[in-house]
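>>> Using only what follows, build the 3D model:
(4 chains)
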Protein chains: 2
Amino acid sequence: METCSETLVHPEAVAEARRVIDRAPVEALAETFKVLGDPTRIRILLALSARELCVCDLAELFDVSQSAVSHQLRILRVHRLVRPRREGKLVYYRLDDDHVRTLFAEGLRHVKEG
Amino acid sequence: METCSETLVHPEAVAEARRVIDRAPVEALAETFKVLGDPTRIRILLALSARELCVCDLAELFDVSQSAVSHQLRILRVHRLVRPRREGKLVYYRLDDDHVRTLFAEGLRHVKEG
DNA sequence: TTTATGTATGAGCAAATGTTCATTCGAGCA
DNA sequence: TGCTCGAATGAACATTTGCTCATACATAAA
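Have a look, this model is predicted:
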């Protein structure tokens, strides 16, 4: 229930916070983190952190269907976290840029200091 | 369908990837990122990035029920992203550590370079 | 103690998510 | 042209998620 009083406790702080939030790309940020928030996608990115791999190898690696891997790769691709490269019948994927590695490093730091 | 051949295309690369994945705290990483992958929680963290705020103010700020905010704060608390401090009837929340800020910065960098 | 107000929690529900199955697309080869 | 095999996509389904509503807990004041 909405039991808080009508008057704010810290009006100026709330106003400041509102400005910060309005200025930030909230939805895009949440989207990016949400993409990273799945074990399968984390595994895919970890696997690609060393070198590129074809879809076939990734599917074998995680012991899930090729379809599942393709679905996840699509999500990662749309969010520019991985990039495909076709070579004959095979499609190789690799990390799109170094931001991914840095994000990983920060995530790890948080996890490890617990 | 599982249509890939039985033999791996790059056995040694897959083996190496498997080692990397086994060494990493995959589930914990995914959990952390998943927590950050929600607009409401992102807004809460942004609001707290400048200074601590009480639950009451946060609820007012996002125009959602106090219950919803409490539920999200609980999730953030469990994952050590925010920390509560009681002062009378009010409970103030603030960011738990600086990792959150760094994670945000990296997320922003990725989002902005699109 | 009783009451009031801020916060936390449980139940229930609609929406979103990740998987599998089935099918289609794409490239190379007979 | 057909055929094969790797990859992508759509549908269906079970699970998860985030919200609201109702209720319980906590602290301060009457």
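>>> ok and the residue in chain A nearest DNA strand D?
With CB to the nearest atom of the strand as the measure, residue A:56 is the residue of chain A nearest to DNA strand D, at 3.0 Å. Heads up, the C-betas are built off the backbone N, CA and C, glycines and all.
>>> Hmm, that residue is touching residue B:9, no?
Yes. With contacts counted by CB atoms under 8 Å, residue A:56 reaches residue B:9, the gap being 5.6 Å.
>>> Show me which of the two is the more surrounded one.
residue A:56 (21 against 16; other CB atoms under 10 Å in any protein chain shown).
>>> packing partners for the helix-or-strand element of chain A with minimal mean pLDDT?
Least confident helix or strand of chain A, by mean pLDDT, DSSP states H and E, is helix A:99-112 with a mean of 88. Applying 3 or more CB pairs under 8 Å, 6 or more residues apart in numbering or on different chains; DSSP states H and E, one finds that helix A:99-112 contacts helix A:39-50, helix B:26-36, helix B:99-112.
>>> Centroid-nearest residue for chain A?
When chain A is reduced to its mean C-alpha position, the nearest residue by CA atoms, centre = their mean turns out to be residue A:36, at 2.6 Å.
>>> Neighbours of residue A:113, how many?
So residue A:113, with other CB under 10 Å, has 9 neighbours.
>>> excluding its backbone neighbours, what's nearest residue A:27?
Once flanking residues are discounted, residue A:27 sits nearest to residue B:39: 5.9 Å by CB to CB, 6 or more residues apart in numbering or on different chains.
>>> Surely that neighbour and residue A:30 touch.
Yes. In this structure, residue B:39 is within contact of residue A:30 by CB under 8 Å, at 4.5 Å.
>>> so where is chain A shaky, pLDDT-wise?
Applying pLDDT under 70 to chain A flags residues A:1-7, A:114.
>>> Could you tell me which residues of chain A lie near DNA strand D?
A:1, A:3, A:54-56, A:59, A:66-67, A:70-71, A:73-74, A:84, A:89-91 (CB under 7 Å from any atom of the strand).
>>> Please list the members of the residues you listed that lie in strands.
Judged by DSSP state E, the residues of chain A next to DNA strand D include A:54, A:84, A:90, A:91 as members of strands.
>>> Please report how far the first one lies from residue A:8.
I take that to be residue A:54. 56 Å (CB to CB, to the nearest Å).
>>> okay, these two: which has more neighbours?
Between residue A:54 and residue A:8, counting by other CB under 10 Å, residue A:54 is the more crowded of the two (23 against 17).
>>> if we can go back for a sec, overlap of the contact sets of residue A:56 and residue B:9?
residue A:90 (CB atoms under 8 Å, 6 or more residues apart in numbering or on different chains).
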